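Enquirer: model the structure of this input:
(one chain, ligands or ions: 1)
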Amino acid sequence: MEQFVKELARGNPRAIARAITYMEEGTEEANELLARLQSPLGAVRQVHIIGITGAPGAGKSSLVDQLMGYLRSQGLRLAVLAIDPSSPFTGGAVLGDRVRMMRHALDSGIFIRSMGTRGSGGGLSRSVRDVLQVLSYAPFDVILLETVGVGQAELDIVYVADTVTVVLTPVGGDQVQAAKAGLMEIGDVFLINKADIPGAERTAKDVRDMLHVADHKEDWEPPVVLVSALQNTGIAEWWAECERHFAFLAQEERLQTRRGRARVQAMRELLQQNMWREMERKLRLDERYIRLQEYVQSGEWSVQRAVREILHDIFKE
Ligand code: GDP
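Expert: As a prediction, the model looks like this:
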C-alpha cells in the first residue's frame, strides 16, 4: 500500500487507473487508500478543479479537447474526468473517450477517464468525489470535470469543482433553457460557444444582462467569454478567466470555505444514503410499518397520512 501511494504521488498512470477502479468498486482497498490520501487537516492542494457543464450539444467535449491542447502547450499536467450520469458504464469505454485517448496516448501529462454514475441514487455518486480525491493526490495542476449526458450531475458539479464553466450557444432558446435548468446560478465563468455562427454577440449581451441582475455570490461577477471550439478561438481567454477566478478564491480563504462546504455536502449525501438503507432494514421487520404499507396499498390511507404517522413514530414529534 505504501508503495502504491508513492506511485500515485508520482503520477504513475497505471497506479492512478487502479486506484480509480478501487473507488468505483467501493472495495475495502478503496477505504484504506482514501484514509491514506486524506490528510487529517484536509489540507488544500493547489490543483485547480474546473467543472464544465451545459446542455448536450453545446460543445463541452469539443471545448475540453481544445483546452487540453492549450494547457499542455502551457506545460501544465492535467486529468480529464468525464462523468455520465445516464450511463452505468465506466472505465473509459465511451467512444469519444477512446478517440481522445488515442490522440493523447503518448502524452504522459494527460490522464483521461470517464465514469458512468447511473444508479447512484441522486446527487453526485460518492465515487466521483473519491476519484477526485485520488486525482488530487497525483501531481496534476488541473482537473477538468466534464458532465456528459443530462441530469442532476450538471448542477451537482458545483459541489466538487472550484470553478464552474457553463457552456451556452447562440442556438435558439439556449439561455432560456439554461436559466430554467438552474445553470445560471452555478456558473463562475460563462462561455458562449459556437461564436463562429451568427448571434453570438447578441447572446453574450443577453447573458451578461441576465447575470447582472442576478445576485452574485461572494462579489464575483461571472465573466462571459465568446469562444469557438471549431475554430479554436477564445480558449486562452477562457483559461485566463478560470485562473482569475482561482486567484479570487485564493483570497480571504474562499477556497478553503468552498472545499469545506463541499465536504459537508458529501457528508450529508452519504448520510442520506446510509440512513435510508439502515432505516429500511429496520422498518422491514416493523409490524406497524408493514400494516401501514397494507393500508396504503388498499387505498384505505393516503400516502401522506402514512408518512406522517411513520415520521411521528420515529421522531416522536
Ligand atoms: P457536448 O455534447 O456538449 O459535449 O457537445 P460536442 O462537443 O459533442 O459538440 C456538439 C456538436 O457541436 C458537434 O457536432 C460539434 O462539432 C459542434 N460544435 C462544437 N463546438 C462548435 C463550435 O465552436 N462551432 C460550431 N459551429 N460547432 C461546434
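
Enquirer: every contact and neighbour count from this point should use C-alpha atoms.
Expert: OK.

Enquirer: how much space between the closest residue to Y22 other than its chain neighbours and Q293?
Expert: Nearest residue to Y22 in three dimensions, chain neighbours excluded: A30, at 5.1 Å (CA to CA, 6 or more residues apart in numbering). Computed with CA to CA, to the nearest Å, the distance linking A30 and Q293 is 38 Å.

Enquirer: of these two, which one has the most company?
Expert: A30 (20 against 16; other CA atoms under 10 Å).

Enquirer: distance between the ends of stretch 195-203?
Expert: Rule used - CA to CA; the end-to-end distance of stretch 195-203 is 10 Å.

Enquirer: hmm, who's touching that stretch?
Expert: T169, P170, Q175, I192, N193, K194, L226, V227, S228, L230, Q231 (CA atoms under 8 Å, 6 or more residues apart in numbering).

Enquirer: quick check: buried residues in it?
Expert: Residues A195, A200, T203 are the ones in stretch 195-203 that count as buried (16 or more other CA atoms under 10 Å).

Enquirer: tell me which of those fall in strands.
Expert: Among those, DSSP state E puts none in strands.

Enquirer: you'd agree L8 is up against Q133?
Expert: No: with contact defined as CA atoms under 8 Å, L8 does not count as touching Q133 (11.2 Å).

Enquirer: these two - which one has more neighbours?
Expert: L8 (24 against 16).

Enquirer: residue boundaries of the helices in the stretch 101-250 of the chain?
Expert: Listed in chain order, the helices of the stretch 101-250 of the chain (DSSP state H, counting those that start in this stretch) span 126-137, 153-156, 174-180, 183-186, 200-213, 235-250.

Enquirer: dump those to a markdown table, plus mean pLDDT.
Expert: Output for the helices of the stretch 101-250 of the chain, formatted as a markdown table (pLDDT from 0 to 100):
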| stretch | mean pLDDT |
| --- | --- |
| helix 126-137 | 87 |
| helix 153-156 | 67 |
| helix 174-180 | 75 |
| helix 183-186 | 85 |
| helix 200-213 | 89 |
| helix 235-250 | 96 |
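
Enquirer: is it possible to export the ones you listed to TSV including distance to the ligand?
Expert: Putting the helices of the stretch 101-250 of the chain into TSV (distance: least, CA to the nearest ligand atom, whole Å) gives the following:
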stretch	distance to the ligand
helix 126-137	19
helix 153-156	11
helix 174-180	12
helix 183-186	14
helix 200-213	10
helix 235-250	11
